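> Below is the sequence, then the predicted model.
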Amino acid sequence: MSSVRINRVRLATEMARREWRYKHLAELAGVSQATMSALTGGQAIHSDTAQRIAAALNMPLEQLVAVRGAPHLPQS
């Protein structure tokens, strides 16, 4: 199973547009708040988890996944 990093800027923008909190998105996506904390901290998450988050936001996963080397991502 592959891992992805979420584009945190895009996620924050989409959540602000909807006036959602991380707890609400976690509930809609069926993921834990610990997972939400991990992804907002820049950690990679399983691609199926990312897909559930994208589905809860009603957007394609490709629009939510961070591009490696983007300035908002920490380099490992």
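Alright, I've got the coordinates. Note that the coordinates shown come from a computational prediction; the quantities given were computed from them, not determined experimentally.
> Tell me the spacing between the nearest residue to Ser2 once chain neighbours are set aside and Glu19.
Excluding the flanking residues, the one nearest Ser2 by CB to CB, 6 or more residues apart in numbering is Ser47, at 4.8 Å. Where you see a C-beta, it was placed from the backbone N, CA and C, and this is true even at glycine. For Ser47, the distance to Glu19 equals 27 Å [CB to CB, to the nearest Å].
> Over to Val9?
Using CB to CB, which is the criterion applied here, Val9 is 17 Å from Glu19.
> Neighbour count for the two, which is higher?
Val9 (13 against 7; other CB atoms under 10 Å).
> quick one: secondary structure of that one?
helix (DSSP: H, G, I helix; E, B strand; the rest coil).
> Touching, Ile6 and Thr49? I think so.
No. Using CB atoms under 8 Å as the test, Ile6 is too far from Thr49 to be in contact (9.5 Å).
> so where is the protein shaky, pLDDT-wise?
Scanning the chain for pLDDT under 70 picks out 1, 68-76.
> Tell me which stretches of it form strands.
3-4, 45-46 (DSSP state E).
> Is there a neighbour count for Asn58? I'd like the number.
Neighbour number of Asn58 under other CB under 10 Å is 8.
> ok, back up a step: tell me which of the strands of the chain lies nearest to Val65.
strand 3-4 (4.9 Å; CB to CB).
> partners of the closest one in the sheet?
strand 45-46 (antiparallel) (DSSP bridges).
> For stretch 21-34, list every residue counted as buried.
For stretch 21-34, the buried set under the neighbour-count rule, 16 or more other CB atoms under 10 Å, comprises Tyr22, Leu25, Ala26, Ala29, Val31.
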